[in-house]
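K.L.:
Have a look; sequence and predicted model below, questions after that.
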Amino acid sequence: MGKHWRWIPSLYFAEGLPYVVVMTLSVIMYKRLGLSNSEVALYTGWLYLPWVIKPFWSPLVDLLKSKRWWIVTMQLLIGAGFAGVALALPTPHFVRLTLAALWLVAFSSATHDISADGFYILALKPHQQSFFVGIRSTFYRIATVVGQGVLVMGAGYLEKRSGNIALAWSAIFLLLALLFLLFSLLHKRVLPTPLKDSEHLSSVEIEGDRTNKSSGIGSVFRGYIEVLSSYFKKEGIVPALLFLLFYRFSEAQLVKMVSPFLLDSREVGGLGLSTQMVGVAYGTVGIIALTIGGIVGGMVVSVGGFKRWLWPMALSISLPSFAFVYLATVQPTSLFIINLSIFVEQLGYGFGFTAYMLFMLYFSQGRYESAHYAISTAFMALGMMLPGMAAGVLQEMMGYKLFFWWIMGGFILTFLVTASIKIDPNFGKKERKLSNTPGSQNEPSSSNNKKNSLS
């Protein structure tokens with residue numbers, strides 16, 4: 001597995017950073033530049049759209065060029081988009097120009113997600129996918145911390161030093177542009193290539209990541225329709241969609257209200273923490289717990305299999321959220337108690353979310369794996385977006401205490417959709433020595449063989 005460490009951490013850091021920049025950093029930037037809350041919400045809300053609708057162009061990533069080519073090219077475009085933001089910020093028409101540049105970043109980032117996740121499926125064997133699922137999550141989360149923590153602090157520091165808000169944020173985006181130029185050069189060098197590793201692969205297996213030389217637009221369009229329609233013809237599609245939409249129904253609402261709850265005064269039901277305290281509790285302690293949970297989740301599945309750990313993970317993503325019921329009811333003043341509660345909840349979330357990622361890998365098996373995985377991630381985005389949009393209204397109606405009880409009740413949906421899906425008992429387990437008996441259960445399927453095309 002050593003060679004995979006050369007590219008998985010950096011690839012998933014590069015996948016996570018543009019998303020958090022577009023969805024979180026841009027909100028803070030526009031607010032600091034004087035836009036109203038309604039303008040910020042409207043403009044940045046539209047930037048989410050590429051991740052929701054990416055299934056409509058994800059088949060093209062399967063049909064045109066290779067996943068490796070798409071990764072390197074999209075990283076260059078993301079860098080160009082960041083450079084566009086940096087250059088537009090000092091101009092009078094910065095709002096329209098920066099939004100256009102961020103649309104380029106959002107579209108390129110969503111396409112990068114498709115190609116990176118597809119490459120991950122092709123490059124790793126099933127048990128390796130299970131092992132590295134926690135690693136990739138970890139570096140995605142590190143990107144989140146960098147984007148909404150380190151870069152925001154850097155912008156604030158530059159604002160104070162220069163006295164020019166636009167110039168400070170321009171410098172941050174120039175740094176991001178340079179970073180993605182370096183990412184593109186790095187991954188052009190370190191990503192495995194089918195041609196170099198092809199001596200032990202069949203021609204069918206190499207097919208998974210090579211340039212598709214189709215005969216024309218008609219052929220591409222027919223292939224597009226086939227890829228898209230084949231997803232919705234998969235066995236178990238209805239339970240799968242329900243799982244993708246509702247497994248995190250409560251967590252999607254909870255995650256939106258954690259920071260406001262920690263920051264709000266005790267008079268309105270919050271904990272009254274300072275920004276610095278929230279950074280420690282949720283941005284440091286919480287991230288450490290989230291990381292540990294994700295890594296442990298990937299490791300235990302690689303030993304026992306996904307099916308064995310599905311229900312423990314469903315319970316893990318649900319029950320520890322009671323920590324926020326406790327915090328809202330007792331409103332403790334002890335920072336140790338607050339940090340411990342957040343640690344427990346985030347540890348459970350990290351462990352439980354592993355099941356969600358593995359299910360997307362499992363359901364995407366077969367032909368057009370990367371495109372089908374991209375479709376699944378779009379439903380994941382929808383399942384987070386819609387409940388999250390309603391969270392603020394619900395919290396204001398209920399207050400924090402009742403809102404967190406509502407969150408606990410919503411986990412009934414998590415249990416119902418978990419009970420509805422069926423998982424192969426062998427999925428995710430580390431492969432054992434194959435039996436010589438024809439038709440042995442240990443014999444890898446053709447879909448698994450296809451996945452190993454870059455291993």
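P.N.:
Structure received.

K.L.:
alpha carbons only for contacts and neighbour counts from here, please
P.N.:
OK.

K.L.:
pLDDT averaged over stretch 118-131 - what is it?
P.N.:
Averaged across stretch 118-131, pLDDT comes to 78.

K.L.:
Show me the shaky parts of the chain.
P.N.:
Applying pLDDT under 70 to the chain flags residues 1-2, 36-41, 194-220, 263, 274-276, 278-279, 283, 429-455.

K.L.:
Would you mark the buried spots in the helix or strand that contains Val27?
P.N.:
Per DSSP states H and E, Val27 falls inside helix 26-32. If you call a residue buried by 16 or more other C-alpha atoms under 10 Å, then helix 26-32 has these buried ones: Ser26, Val27, Met29, Tyr30.

K.L.:
Distance to Trp406 added to these, as TSV?
P.N.:
Output for the buried residues of helix 26-32, formatted as TSV (distance: C-alpha to C-alpha, whole Å):
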residue	distance to Trp406
Ser26	31
Val27	28
Met29	33
Tyr30	33
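
K.L.:
Looking at the residues you listed, which is nearest Gly81?
P.N.:
Gly81 has its nearest neighbour among the buried residues of helix 26-32 in Ser26, at 13.0 Å by C-alpha to C-alpha.

K.L.:
Thought Trp46 was touching that closest one, still the case?
P.N.:
No. Using C-alpha atoms under 8 Å, Ser26 is not in contact with Trp46, being 12.0 Å away.

K.L.:
and Tyr231, which of the three is it?
P.N.:
Of the three states, Tyr231 takes helix under DSSP: H, G, I helix; E, B strand; the rest coil.

K.L.:
ok, so what distance separates the nearest residue to it once chain neighbours are set aside from Glu226?
P.N.:
Counting by C-alpha to C-alpha, 6 or more residues apart in numbering, Tyr231 lies nearest to His372, which is 6.0 Å off, once chain neighbours are set aside. Distance, His372 to Glu226, by C-alpha to C-alpha, to the nearest Å: 11 Å.

K.L.:
Compare those two (neighbour count), which wins?
P.N.:
The residue with more neighbours, out of His372 and Glu226, is His372; 29 against 13, by other C-alpha atoms under 10 Å.

K.L.:
so where does the more buried one fall, helix or strand?
P.N.:
Counting by DSSP H and E, His372 is part of helix 369-420.

K.L.:
starting at the chain centroid, how far to that helix?
P.N.:
Distance of helix 369-420 from its chain centroid, counting by C-alpha atoms, centre = their mean, to the nearest Å, is 15 Å.

K.L.:
which element is the nearest residue to Ala171 once chain neighbours are set aside on?
P.N.:
Nearest non-adjacent residue to Ala171, counting by C-alpha to C-alpha, 6+ apart: Ala86, 6.8 Å away. Assigned by DSSP H and E, Ala86 belongs to helix 67-88.

K.L.:
The next helix-or-strand element following that helix packs against which elements?
P.N.:
Using DSSP H and E, the helix or strand that directly follows helix 67-88 along the chain is helix 94-123. The contact analysis (3 or more C-alpha pairs under 8 Å, 6 or more residues apart in numbering; DSSP states H and E) places helix 94-123 against helix 8-20, helix 49-53, helix 58-63, helix 67-88, helix 369-420, helix 446-451.

K.L.:
What's the local residue count around Val190?
P.N.:
12.

K.L.:
Please report how far it lies from Ala116.
P.N.:
Val190 is 14 Å from Ala116, by C-alpha to C-alpha.

K.L.:
and what of Leu179?
P.N.:
Leu179 is 18 Å from Ala116, by C-alpha to C-alpha.
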